[in-house]
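Undergrad: Quick one, fold the following:
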Amino acid sequence: MSDVIKNPCDAGVIQGRPATVTAPAETGTWVLAATILGSSMVFINGSTVNVALPALQANLGATVIDIQWIVNAYSLFLASLILLGGSLGDHLGRRRIFLIGVAIFAAASIWCGLAATADMLIVARAVQGIGGALLTPGSLAIISATFGDEERGQAIGLWAGFSALTSALGPLLGGWLIDTFSWRWIFFLHLPLAAIVLVLSWWRVPESRDEQAVAGLDWWGALFVTLGLSGVVYGLIESSTRSFADPIVLTALIAGVTLLALFVVVEARSEAPMIPLELFRSWTFSGANGLTLLLYMALSGILFFLPMNLIQVQGYSATAAGAALLPTILLLSLLSSWSGGLVKRVGARLLLVIGPAVAAVGFFLFSLPGVGGSYWTTFFPATVVLGLGMAISVAPLTTAVMSAVPAHYAGTASGINNAAARVATLLAVALLGIVMLQSFSHHLNELLATLALPAEARAMIIERRADLANLQPPASLNPELVTPVERAVAEAFVAGFRLVAYLTAALALASAAIAWFTIETDVILESDLAQDTEFG
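TA: Just a heads-up that it's a prediction; the model follows:
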């Protein structure tokens, strides 16, 4: 579910201004069918994997470190390579790169579905991320290159509408597949879609490229940002069980930060940088991306742990857990156009203060439920308030990003903002994973101390603390103590989840403060693109 609410500028990962040829109506229909179905694979994938995390823990024996990597291996390559994927399409042909992305994504999905171990699944998810980085920017770029100015807005609107629909249905469908068949089917689900997309794209989608793209590709930038983010994320995740003083953790963090610094140097000197640094001279552009980073860290963090809470602690089925966030998605879909209209009347700044502040209240409300209780009085209020806050935020955020840069940088700027949202997922899962594991361990120790447990059994339980709410009492434990231990595990997880909720609320409030101090008061969107883009 980490991508249920998508980056406001995902649709803008279009690297250039293609010479547009108005396509015949029949061709346009096939193009829309291919690009919508292709994008749907990515959206469904993003909105179903988190629902499957408890099942992955149970079936693959995955620890919290493993499931962090199952999410982050995909996000890492998607965040690092998505801008390069857009540039590859401009240079080598958008249909060609789109087809390659679909093929890689499908092959990796088979690999994911057949994975016998958590390590195998992590590697397969990394490959899936590479496919997604080639596929995601290609869908909108193909639409932009195929339709003329008069038809393009309607075409993107249809694409965005179906994107919202698949994102909303993804958790429900994924939960049903997990409950009815197996978690493996959330990956096999992509195969028929991929087959249809490959046939349609090869048969009916015209090729296009940016004929004015003469500069080379930023291979060094892609290499440094991928390795740098890998080092930082690896160091943060491993610190949960090792410590920041561990030589392996220190080496990974230092190497990662160094490589990211080299990435900045490369971008400053490159003739065709993935990220033109001059864009950040705009306070509004810098602030909008800072806001994106913090707000989407909060969102990704709460959505990473929420399915574990619902399924492993509260006893929901995977289907019910998938449905639990529907109020957020529906409000976002229904109210985004309304908030987009408000931008023209009051500007983006005020809405980007109010929206994240309302979302912060939603994040805080997630801290209130304990173990048990009706959904309608526990998690439902939080999902409603969060949905309202995100709905107020999405269109103004797109407005701020798109209006802060010259028109010829619009695609690049929106791609950077999309990458910021993806990096937010990486950091949230890594950093809040540390918080959760430390809090869970602390509270579990305290709760176990109140039980008359044999020393050996207590040591075995503590040793398996990285299982979080999936932690099972030792088989040799006295049956009378099994239920108290299970209760202690559940309460320890809820305590950690509350701390995560507090921190995500703080991140959302910080993003509102960034908007107040950096977004220009007169930012008004001058085109309709923000109304037609997908959300993060």
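Undergrad: Which stretches in the stretch 51-200 of the chain count as helices?
TA: 64-92, 94-114, 118-146, 149-180, 185-188, 190-204 (DSSP state H, counting those that start in this stretch).
Undergrad: Without its sequence neighbours, what residue ends up closest to residue 61?
TA: residue 118 (7.1 Å; Cβ to Cβ, 6 or more residues apart in numbering). Glycine gets a C-beta too; all of them are placed from N, C-alpha and C.
Undergrad: ok, back up a step: what's the least confident stretch among the helices of the stretch 51-200 of the chain?
TA: When these are compared by mean pLDDT, helix 149-180 comes last with a mean of 80.
Undergrad: tilt between that helix and helix 118-146?
TA: Put simply, helix 149-180 runs at 160 degrees to helix 118-146, going by axes from the mean of the first three to the mean of the last three Cα atoms, to 10 degrees.
Undergrad: Would you mind listing the buried residues in helix 149-180?
TA: Buried residues in helix 149-180, counted by 16 or more other Cβ atoms under 10 Å: 151-152, 155-156, 159-160, 162-164, 166-179.
Undergrad: I'd like the distance from that helix to the chain centre, please.
TA: The chain centroid and the centroid of helix 149-180 are separated by 16 Å under Cα atoms, centre = their mean, to the nearest Å.
Undergrad: helices and strands around that helix, which ones?
TA: Applying 3 or more Cβ pairs under 8 Å, 6 or more residues apart in numbering; DSSP states H and E, one finds that helix 149-180 contacts helix 25-60, helix 118-146, helix 185-188, helix 318-323, helix 326-346.
Undergrad: ok, back up a step: to residue 515, which of the helices of the stretch 51-200 of the chain lies closest?
TA: helix 64-92 (22.6 Å; Cβ to Cβ).
Undergrad: Low-confidence stretches in this structure?
TA: Across the chain, the ranges flagged by pLDDT under 70 are 1-26, 149-150, 153, 157, 161, 210-215, 521-536.
Undergrad: what residues go with each domain of it?
TA: As assigned by automatic domain parsing, the chain contains the domains 23-214, 219-269, 278-429+501-536.
Undergrad: Throw those into a markdown table and include distance to residue 459, thanks.
TA: Output for the domains of the chain, formatted as a markdown table (distance: least, Cβ to Cβ, whole Å):
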| stretch | distance to residue 459 |
| --- | --- |
| domain 23-214 | 17 |
| domain 219-269 | 16 |
| domain 278-429+501-536 | 23 |
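Undergrad: Residue 461 is nearest to which of these?
TA: Taking the domains of the chain one by one with Cβ to Cβ, domain 23-214 is closest: 14.2 Å.
Undergrad: Looking at the helices and strands packed on helix 149-180, which one is packed in the most?
TA: Mean neighbour counts were compared across these using mean count of other Cβ atoms under 10 Å; the top stretch is helix 118-146, at a mean of 25.
Undergrad: ok, and the closest non-adjacent residue to residue 444?
TA: Residue 444 sits nearest to residue 492 (Cβ to Cβ, 6+ apart), 4.0 Å away.
Undergrad: Please look at that neighbour and residue 438 and confirm they touch.
TA: No: with contact defined as Cβ atoms under 8 Å, residue 492 does not reach residue 438; the gap is 11.3 Å.
Undergrad: Which residue of these two possesses the greater neighbour count?
TA: residue 492 (25 against 15; other Cβ atoms under 10 Å).
Undergrad: Not counting residues beside it along the chain, what's closest to residue 519?
TA: residue 349 (4.2 Å).
Undergrad: burial count for the one you found?
TA: 23.
Undergrad: isn't it right up against residue 514?
TA: No: at 10.8 Å, residue 349 and residue 514 do not qualify as touching, with contact defined as Cβ under 8 Å.
Undergrad: joint contacts of the two?
TA: Common contacts of residue 349 and residue 514 (Cβ atoms under 8 Å, 6 or more residues apart in numbering): none found.
Undergrad: which residues touch the nearest residue to residue 185 once chain neighbours are set aside?
TA: Of all residues not flanking residue 185 in the chain, residue 177 sits nearest, at 4.2 Å (Cβ to Cβ, 6+ apart). Residues in contact with residue 177, defined by Cβ under 8 Å, 6+ apart, are 48, 183, 185, 186, 189.
Undergrad: change it to 10 Å
TA: By Cβ atoms under 10 Å, 6 or more residues apart in numbering, residue 177 lies in contact with 48, 51-52, 183-189, 318-319, 322.
Undergrad: Which single one of those is nearest to residue 134?
TA: Closest approach between the contacts of residue 177 and residue 134, by Cβ to Cβ: residue 187, at 18.1 Å.
Undergrad: From residue 405, how far out is that closest one?
TA: For residue 187, the distance to residue 405 equals 37 Å [Cβ to Cβ, to the nearest Å].
Undergrad: go on, residue 439?
TA: Counting by Cβ to Cβ, the separation of residue 439 from residue 405 is 41 Å.
Undergrad: So between the two, which is more surrounded?
TA: Neighbours around residue 439 and residue 405, counted as other Cβ under 10 Å, are more numerous at residue 405. The numbers are 21 against 18.
Undergrad: and the nearest residue to the more buried one once chain neighbours are set aside, how many neighbours?
TA: Once flanking residues are discounted, residue 405 sits nearest to residue 413: 4.4 Å by Cβ to Cβ, 6+ apart. Neighbour count for residue 413, taken as other Cβ under 10 Å: 24.
Undergrad: And residue 456, by the same measure?
TA: When neighbours are defined as other Cβ under 10 Å, residue 456 has 11 of them.
Undergrad: how about it, what does it touch?
TA: Contacts for residue 456 (Cβ under 10 Å, 6+ apart) come out as 474, 476, 477.
Undergrad: Could you save those as a markdown table and add columns showing neighbour count and secondary structure?
TA: Converted to a markdown table, the contacts of residue 456 look like this (neighbours: other Cβ atoms under 10 Å; DSSP: H, G, I helix; E, B strand; the rest coil):
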| residue | neighbour count | secondary structure |
| --- | --- | --- |
| 474 | 18 | coil |
| 476 | 9 | coil |
| 477 | 19 | coil |
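Undergrad: tilt between the host helix or strand of residue 284 and helix 149-180?
TA: In the assignment (DSSP states H and E), residue 284 maps to helix 283-308. Orientation of helix 283-308 against helix 149-180 (the same axes, to 10 degrees) gives an angle of 20 degrees.
Undergrad: Residue 238 against residue 247, yeah?
TA: No: counting by Cβ atoms under 10 Å, residue 238 stays clear of residue 247, with 11.0 Å between them.
Undergrad: okay, those two: which has more neighbours?
TA: Taking other Cβ under 10 Å, residue 238 and residue 247 do not tie; residue 238 has more neighbours (20 against 8).
Undergrad: what secondary structure does residue 241 sit in?
TA: For residue 241, the assignment made with DSSP: H, G, I helix; E, B strand; the rest coil gives coil.
Undergrad: Sweet, I'm off.
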